[in-house]
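[1] quick one, what's the 3D model for this:
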Amino acid sequence: MNGITQSRVFLSVVLPFGLGYYISYLYRTVNVVIAGQLSADLSLSAANLGLITGVYFVVFASFQTPLGLLLDRYGPRKIQCCLLIFAVLGSIVFASTSNYFVLALARGLIGLGVSGCLMAALKANANWFPSIRLPLVNGITVAFGSLGALSATIPINYIFEIAGWRMIFYLLAAITLLLLLITYFLVPKEIERNSEPRQTLRQQIADLKIIYKSSFFWKISIVTFVHNSVYLSYQSLWMGPLLRDVAMFSSSDVAKAMFLFNVGMFVGVIGIGFLAERLQKYDIKPIAIVCLGVAGSIGIQTCFIFDFFYSKRVLCFLFGFFGSSTLLVYSVLTQRFPQRLTGRVNTAQNMLTFVAAFISQWLIGVIINYWPKLENLGYPSEAHITAFVVMIVIETLAFLYFVWPQSFYKSQVE
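    Numbers count the residues shown, from 1 in each chain. Okay, here's the model as predicted:
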């Protein structure tokens, strides 16, 4: 760590970038609590709601390739500060308008503004920590995101019931501006000196071929972006309506269930990251933990559909826990590829994840929309179940591709 104490690295690097991922995840998941009132206030259909929420994902994803180039070229501090300006503007616009298209535009600005929060953090971690420590350090960083998701449940619901959804976004704009200032003044400029000599833009673009021609990258990326698209779709939007319409949860019950979902994620990213770091000493690679985690996540989702377990709240916790295992993929990719590519390889994975999340979130809404709305403005339980079954089938196919053939799996993880 270049002679700098661990406590200073935590306070000046891990903490500010972790807070960035906190606010990113809060923006991403806030709609799960306010979705019902937002739809009622603006007369949105399920497909409209899915599209507005999904615009965040598509803009987020579209910026990942240039983001990787910028992070590897200019470093995480500068890029993070510049992007957060867009999140502040988007949040203010979202809070101020009732126009459907302006809402979508504002959501897109927010997506652009926080598109670099996790990737900047992972780039900073790769600069400051040895690769063997990354599963745990990245897990700590991602834990900040799970705290953001936790904040989007009971705390956000409390503010929502008192002040409404518009005030929530005004508050988010203020918090984001504060985070921008913290990042600018607290993160040391020296963080960017750890990277290799700067490449030309032509060299950076040429290096993308190394990533996209890698069979290992595609083998692990497909199962990751397919699983994560479903995980993010339900965490950020559709789990709330599902619990409301299928399990007959009230808005406060939904907030409590999503709180447990995100507690599960928090426990998962810390616990699984710690476990992965320790198991490397016994030559058990993080990719094996990803395999078990995805299998567990698909199993828990199946329990939701077939009602194998009475408590939906416990299932929410377990879904959050097992689903978080794919965040180890960023450590796997960082360990696999040269350090000069860490920004680009992680953003390549992130781009695929968020493109898939946009498609998944929109597709779930389209499937649900085939059923007519009920008098309570919800949808029949079979609408949600059908959509979830479609997602599980797609995930299962991606998982089977991931684990077969075993000879490939073993040969690529050395």
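
[2] tabulate the CA atom coordinates of stretch 50-67 in CSV.
    C-alpha atoms of stretch 50-67 as CSV (Å, rounded to 0.1, in the frame of the first residue of the first chain):
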residue,chain,number,x,y,z
GLY,A,50,-40.7,-0.8,-15.7
LEU,A,51,-39.5,1.4,-18.5
ILE,A,52,-39.0,4.5,-16.3
THR,A,53,-37.1,2.4,-13.7
GLY,A,54,-35.2,0.5,-16.5
VAL,A,55,-33.9,3.7,-18.2
TYR,A,56,-31.5,3.9,-15.3
PHE,A,57,-30.1,0.6,-16.3
VAL,A,58,-29.8,1.2,-20.0
VAL,A,59,-28.0,4.6,-19.6
PHE,A,60,-25.9,3.1,-16.8
ALA,A,61,-24.9,0.2,-19.1
SER,A,62,-24.3,2.4,-22.2
PHE,A,63,-21.7,4.4,-20.4
GLN,A,64,-19.7,1.4,-19.1
THR,A,65,-17.3,1.1,-22.0
PRO,A,66,-16.2,4.7,-22.1
LEU,A,67,-16.2,4.6,-18.3
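
[3] chain center to it: distance?
    12 Å (CA atoms, centre = their mean, to the nearest Å).

[4] average pLDDT across that stretch?
    Averaging pLDDT along stretch 50-67 gives 86.

[5] ok, now stretch 303-318?
    For stretch 303-318, mean pLDDT rounds to 85.

[6] what's next to that stretch, contact-wise?
    239, 242-243, 247, 249, 256-258, 260-261, 263-264, 296, 300, 302, 319, 385, 388-389, 392 (CB atoms under 8 Å, 6 or more residues apart in numbering). Heads up, the C-betas are built off the backbone N, CA and C, glycines and all.

[7] switch the cut-off to 10 Å
    Contacts of stretch 303-318 with the rest of the structure, by CB atoms under 10 Å, 6 or more residues apart in numbering, involve 234-235, 239, 242-243, 246-247, 249, 253-254, 256-265, 267-268, 296-297, 299-302, 319, 384-386, 388-389, 391-392.

[8] buried subset of the residues you listed as a ChimeraX selection?
    Selecting the buried subset of the contacts of stretch 303-318 in ChimeraX, with 16 or more other CB atoms under 10 Å as the burial test, is done by:
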select :234,235,239,242,243,246,247,249,254,256,257,258,259,260,261,262,263,264,265,267,268,296,297,300,301,319,384,385,386,388,391,392
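
[9] name the spans of the stretch 101-250 of the chain whose pLDDT lies under the cut-off.
    Applying pLDDT under 70 to the stretch 101-250 of the chain flags the ranges 190-199.

[10] with the stretch 251-400 of the chain instead?
    Scanning the stretch 251-400 of the chain for pLDDT under 70 picks out 308-310, 377.

[11] please enumerate the helices of it.
    Using DSSP state H, counting those that start in this stretch, the helices of the stretch 251-400 of the chain run over 251-279, 286-306, 312-323, 329-336, 342-368, 381-403.

[12] in a markdown table: the ones you listed, plus distance to Pro76.
    Below are these laid out as a markdown table (distance: least, CB to CB, whole Å):
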| stretch | distance to Pro76 |
| --- | --- |
| helix 251-279 | 20 |
| helix 286-306 | 22 |
| helix 312-323 | 26 |
| helix 329-336 | 14 |
| helix 342-368 | 8 |
| helix 381-403 | 30 |
